[in-house]
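S.K.: The following block contains a protein sequence and its predicted model.
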Amino acid sequence: MEHIRTPKVEQVKLLDRFSNKSITGTLHLTATHLIFVESYSTSAQEIWILHHHIASVEKLSLTTSGCPLLIQCRNFRVVHFVIPRERDCHDIYSSLLRLLRPVSYDELYAFSYNPKQNDQQREEGWQLIDLAAEFERMGVPCDQWQLTDVNREYKVCETYPRDLYVPITASKPIIVGSSKFRSKGRFPVLTYFYQEKKAAVCRCSQPLSGFSARCLEDEHMLQAISKSNHNSRYIYVMDTRPKLNALANRAAGKGYENEDNYSNIRFQFVGIENIHVMRGSLQKLLEVVGTRSLSMTDYLVGLENSGWLRHIKAIMDAAIFLAKAVTVEGASVLVHCSDGWDRTAQVCALGSLLMDPYYRTIKGFMVLIEKDWISFGHKFADRCDQLDPDPKEVSPIFTQFLECVWQLTEQFPQAFEFSEWFLIQIHEHIHSCQFGNFLGNSQRQREDLQLKERTYSLWAHLLSEKQNYLNPVYSPSFAESHPVLEPSTQAYHFKFWRNMYHQYDRSMHPRQSILKHVLTLKDSNRELEGTVQALKTKLQKFGVSTSPQKPQTPPRERSLPPRPQSLILGAPLLSRKEVQQEEEEEVFGEEAREDAPVNTGGERTVEGSSATENGYGELTGSFGSKNEPSVVTLEFGVARMTC
Amino acid sequence: MELSEHIKTANVEDVTLKRPFHPALRGTLCVTSHHLLFSDRKDEASWQLLILLRNIDAIEKSVENLFGYPRAVGSSGTITIKCKDLLVLQLEIPGMEECLNIASSIEALSSLESVTEMYPFFYRPSHLTLQGPWGLSSMEQYYKQTERLWDRWRVSTVNSDYSVCPSYPSAVIVPREVADDMLIRSARFRQGGRFPVLSYCHHRNGMVIMRSSQPLTGANKKRCKEDELLLQAVIDGSELGYVIDLRSAQQAQQARMTGGGFESKSCYSHWKRIHRHHERGKVVQESLIKLVEACSDPSHSVDRWLSKLENSKWLSHVHSALSTAGLVVECVERDGHSVLVHGSEGTDNTLLVSSLAQLILDPASRTVTGFLCLLEREWIQAGHPFQQRCAHSAYSHARLKQECPSFLLLLDCVWQVWRQFPLALEFSEALLLRLAQEAYASNYGTFLCNSEQERCAAGVKENTHCLLQSLLKPDIEEQYLNPLYEPTDLAIWPSVHPQSLQLWTGLFLRWTEYAQNMVEAREEVWSIVKEHRERAGPDQTNNTLSTHCETLTPFENLMDELTIL
């Protein structure tokens, strides 16, 4: 709190990023959030920004109306305030600079966040995902694969979890020897087991082969992996880097497997670029799509030049290669990149998702992230910029994974139990530091931080609002008929994920959502069905047989269908008011129904759909813009009728 | 020449057909005057491919002549047929001569020039009769139904013999106080005689959208008093109207050199002119060709695909059409002013913008009937030259003449609106796809000819069936309904940020596996909606709560009684 010099500034203007619209309100600065509350309006808009979400704060040069402050967030929100007095602006600016760079883990929000749960509930939350049970589900341990305790004390590899699965024939000396020959000690271990063909997906880091070094233990290790699968005489070794990068690494004493030294391997480069390229690519993408009055040509050219979709496709291609090798050829695959925690995690996780319908359910997806990302040491703290880090370590690796999954949901609308809001919500929380799951860089560090005792689990939180993340057209029978997804990688399937990168730019979104609508219908179907059953049993209890001529039994109390929170708006902690607003936006809400007729008259447009926002332009400037206050203020009211 | 004289080989056996989503099939190929038929020999009744020859945009033939003898065993040919609905299929035909004969028949019969030889004049299904009215509504009927027009507007039949403006319908709606002779004068001052006529009157504020062609001011700034008075009568004392000129200011200036021009500030003092550049004609047709080419090459890398997509400029056209339509709506709905829309000829972009604006503004045009009426009024009757514009589609190698996919562009824009307001339109994507297909090749006469005058002369109304009517037959209409439809009275302004616009995959990628998954998902949505309707009672959807409450009460009473017992 000592960093906050000015907790409240009034008469602050919030400018819309893509239009000339602005709203006036009060800016509050708290220990955890920056809050903007619109004034003079019945349906006052509130914006809550968690300090951890802020990527950068910029003070722009003074204008006649005040001092502009530009804030860019990691969840792709961009807000542009104009603060009347320069002094206030500077205070806010310097407070934010300090607040958004926590120096120790203890300052992170997760350690102060309290969702009013007792210790038992917290513990249960952390127990939701059990990786041992997950390996059991895959059929491991089995006659070929066993649990090793070699890393129980994190002695062999600091960044791996304690429990690791290796081939039965790999003895401890082999493991230790192999780990010494691998970057950061990350030796080959099992991450997914394809039971049907007894084929394994293993992961590791690059070998320290340099130009000629060999390691017999490492060669044994790969041999052991190969031997454990009787279906195939060879294993694939996928180096997910571009060949050039791998070659360059050889000069530093690292490199890739020499096919002559390892028997029965098929070596393959797949060419996913490194974290620096990915960071630059996203930056370019965001610059392009953040441009005001962007033309179609500049948009498409910018999209191409950013290379973002090309990178997404590269990851997808690699995952498809992996899934094919395992499911079609029945071969085991060893995946690595440099350190084996970025590209390797992307490819292993996405590959498993293609092979196993379980990972396409809500629970399964959590397990997948817990396994391939959290436990195997994807450096969330560094990559997501959680704790005043090296800017060169920041990279949207996990975001890319989520986007790949989204691209798949677009191709296979029925294959996933969750909708894109689930992905977006997870993305929100890798940066929010509100829950303990993604804090730190490795399991070991998480244990040191005692996260399970001191913070809450995101998974429990997400499961408690599962309703909001369901995909209404999900069909389990699709999973049965398509256990392995075979996505097309034709270029036109890779689309710009507007709902992620513009999640806060409401003027850009479809004004009505099929997803929300169908979800509500489905919910109400289920409820109606439930009520019918309840009434039937009740009647039976009274000895009345349900008369056949009675039509469908109407529901008793039609309680409101759970409303999917608009995640577009969703700051992690919604104020009471904001929640209410969102509720009001829902069509089927009771209040909405009552309110609707009152508002039918008058001049209104559909939500967020006022002309000024859409950039038809010209008219406003050229002809003394006639501001229709009704359009602006009724924005929320209108939505009720139209969603 | 009789049509049948084009057919040298009518039947070929042992032809192999390859097409998307289906395994290759062997069967008999048959060419008739208007169709290409393929039937599976095994089970002739059950499976047939029937392609309207008019639907064929281009054919490519490659002949393999193995031994150099014309009739040698083993010589065969492959014909690749590219249709206007973007389907591509291949026929492997044994025998070189047969192959060439078939190819030449298709070439000749697919590009018939004479309207009365076209299939709609021969299409006689048993469930339709030629009796009864043709089309959905006439201008007079539209006027009668639209009460808000009665005060200030009238129907003029000055064009009843199509002499004032050959491309206009016989009746048009004009300001009440403007006499017919003034219209004639104004028509002389407008290209092609397309004087300003009413296109839409907004139900909220009585403001109107007018459309016309460019005024013929020419290099020496000619004036036409009647034209000025006509426009003055449109705004009727209100302070201002907008002229939305669909050309850039520079193009409009240049048009004066060739006799065209624009409404200058000095002559039309109450009208404010806004220029918006729109590509037209050949450029748009080439965009379509490039886009379809980009879509049909699956080997592109992401970068190349994006570059080709950009290069085609198709989405830019969609973008500008929607932006300008939005601008028109902004003038009418938000600022409360009347608008005159025109480009040069007033038969393409003008109609595109005026009809899109109506879709955005007017809830009535978002129903199936309303939308089809809109198309009839704003495209068919208003004289969009369908025959010229849709003579060829994206695959044709023929030299471009008057082709331009304006209508396809409209459908794409409507699709974009539907994407952003998936509940606001009563019809679904399927209707748009059907229309896209019918505009290029049809069993029906609706899209034949270039204007009402030509349709009258050719006897289209007497001798063909009307597509719009048949689409509205209850059992057919059902296929085109949007299950999620919930009418809204409000204007539905689409967002025109490039990020909000998308490639119309349903049309341009309709023959890829992509479309298949979407179909399944859509069916799932349908079934959820149906389930909901069944569960929640008959006249549901809009009144969930109230109906429930009503039916609930007696039930609750019953329950109460039982509890007391």
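M.R.: Structure's in. What do you need?
S.K.: Next to chain B in this structure, residues from the stretch 1-150 of chain A, please.
M.R.: Where the stretch 1-150 of chain A comes near chain B, counting by CB under 8 Å from any CB of the partner chain, the residues are A:F18. Just so you know, the C-beta spots here come from the backbone N, C-alpha and C atoms, and that holds for glycine as well.
S.K.: Nearest to chain B: which residue in the stretch 1-150 of chain A?
M.R.: Evaluated by CB to the nearest CB, the stretch 1-150 of chain A has A:F18 as its residue closest to chain B, separated by 6.7 Å.
S.K.: Hmm, that residue is touching B:H497, no?
M.R.: Yes: counting by CB atoms under 8 Å, B:H497 is a contact partner of A:F18 at 6.7 Å.
S.K.: Any idea which helix or strand in the chain has the lowest mean pLDDT?
M.R.: Assuming you mean chain A. The weakest-scoring helix or strand in chain A, judged by mean pLDDT, DSSP states H and E, is helix A:629-633 (a mean of 29).
S.K.: oops, chain B please
M.R.: helix B:544-564 (a mean of 43).
S.K.: Let me see the ranges of the strands in chain A.
M.R.: All strands of chain A, identified by DSSP state E, fall at A:8-15, A:22-29, A:33-38, A:46-50, A:54-59, A:67-73, A:78-83, A:145-148, A:164-167, A:189-194, A:199-204, A:235-239, A:265-269, A:332-336.
S.K.: Could I get those strands in TSV, plus columns for mean pLDDT, mean neighbour count and distance to B:D227?
M.R.: Below are the strands of chain A laid out as TSV (pLDDT from 0 to 100; neighbours: other CB atoms under 10 Å in any protein chain shown; distance: least, CB to CB, whole Å):
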stretch	mean pLDDT	mean neighbour count	distance to B:D227
strand A:8-15	89	18	44
strand A:22-29	90	18	43
strand A:33-38	91	20	49
strand A:46-50	90	21	53
strand A:54-59	90	16	55
strand A:67-73	92	19	49
strand A:78-83	92	20	47
strand A:145-148	93	18	87
strand A:164-167	94	24	85
strand A:189-194	95	26	76
strand A:199-204	94	27	76
strand A:235-239	94	26	73
strand A:265-269	92	17	71
strand A:332-336	95	28	74
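S.K.: Let me have these in CSV, extended by distance to B:E177.
M.R.: Output for the strands of chain A, formatted as CSV (distance: least, CB to CB, whole Å):
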stretch, distance to B:E177
strand A:8-15, 47
strand A:22-29, 44
strand A:33-38, 49
strand A:46-50, 54
strand A:54-59, 60
strand A:67-73, 54
strand A:78-83, 51
strand A:145-148, 91
strand A:164-167, 89
strand A:189-194, 80
strand A:199-204, 81
strand A:235-239, 79
strand A:265-269, 79
strand A:332-336, 80
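S.K.: closest one to B:H22 among those strands?
M.R.: B:H22 sits nearest to strand A:189-194 of all these, at 32.2 Å, using CB to CB.
S.K.: Just to check, A:L69 is in contact with A:H90?
M.R.: No: using CB under 8 Å, A:L69 is not in contact with A:H90; the gap is 9.5 Å.
S.K.: Mind listing the shared neighbours of these two?
M.R.: Jointly contacting A:L69 and A:H90 under the rule CB atoms under 8 Å, 6 or more residues apart in numbering or on different chains are A:K59.
S.K.: Distance check, the spatially closest residue to B:E279 that is not a sequence neighbour against B:C404.
M.R.: Excluding its sequence neighbours, the residue lying closest to B:E279 (CB to CB, 6 or more residues apart in numbering or on different chains) is B:H317, at 6.0 Å. B:H317 is 11 Å from B:C404, where distance means CB to CB, to the nearest Å.
S.K.: residues shared between the contacts of these two?
M.R.: Joint contacts of B:H317 and B:C404 (CB under 8 Å, 6+ apart) are B:V284.
S.K.: what sits against the residue in the stretch 451-600 of chain A positioned nearest to chain B?
M.R.: Chain B sits closest to A:A491 of the stretch 451-600 of chain A, with a gap of 3.3 Å, by CB to the nearest CB. Contacts for A:A491 (CB under 8 Å, 6+ apart) come out as A:313, B:300-302, B:304-306.
S.K.: and if we set it to 7 Å?
M.R.: A:A491 makes contact with B:300-302, B:305 under the criterion CB atoms under 7 Å, 6 or more residues apart in numbering or on different chains.
S.K.: Kindly report the same for B:G343.
M.R.: B:246-247, B:278, B:280, B:349-350.
S.K.: Equivalent analysis for A:V335, please.
M.R.: A:V335 sits in contact with A:201, A:203, A:238, A:240, A:322, A:344, A:347-348, where contact means CB under 7 Å, 6+ apart.
S.K.: Which of the helices or strands spans the closest residue to B:E429 other than its chain neighbours?
M.R.: Nearest residue to B:E429, sequence neighbours excluded (CB to CB, 6+ apart): B:G506, at 5.1 Å. If you go by DSSP states H and E, B:G506 is part of helix B:505-508.
S.K.: can I assume B:A521 sits in a helix?
M.R.: Yes: assigned with DSSP: H, G, I helix; E, B strand; the rest coil, B:A521 falls within a helix.
S.K.: That one contacts A:N471, doesn't it?
M.R.: No: judged on CB atoms under 7 Å, B:A521 makes no contact with A:N471 at a distance of 9.7 Å.
S.K.: Give me the domain ranges for chain B.
M.R.: B:3-112, B:139-490, B:517-565 (automatic domain parsing).
S.K.: which of these is buried the deepest?
M.R.: Ranked by mean neighbour count, the domains of chain B are led by domain B:139-490 with a mean of 20 (mean count of other CB atoms under 10 Å in any protein chain shown).
S.K.: I'd like the average pLDDT over that one.
M.R.: Computed over domain B:139-490, the mean pLDDT rounds to 90.
S.K.: thinking again about what came up before, what's the burial count for the residue nearest to B:E429?
M.R.: 20 (other CB atoms under 10 Å in any protein chain shown).
S.K.: residue boundaries of the helices in the stretch 51-200 of chain A?
M.R.: When secondary structure is read from DSSP state H, counting those that start in this stretch, the stretch 51-200 of chain A shows helices at A:86-99, A:119-127, A:131-138, A:172-180.
S.K.: so where is chain A shaky, pLDDT-wise?
M.R.: Scanning chain A for pLDDT under 70 picks out A:1-2, A:543-643.
S.K.: is the longest helix seen in it anywhere near chain B?
M.R.: In chain A, assigned by DSSP state H, the helix with the most residues is helix A:514-541. Yes: counting by CB under 7 Å from any CB of the partner chain, chain B has neighbours in helix A:514-541: A:514, A:517-518, A:521-522, A:524-525, A:528-529.
S.K.: Check which helix or strand B:K265 maps to.
M.R.: Of the helices and strands defined by DSSP H and E, none includes B:K265.
S.K.: Next up, phi/psi of it, please.
M.R.: Dihedral pair for B:K265: phi -60, psi -40, per degrees, to the nearest 10.
S.K.: which residues sit in contact with it?
M.R.: Going by CB under 7 Å, 6+ apart, B:K265 touches no other residue.
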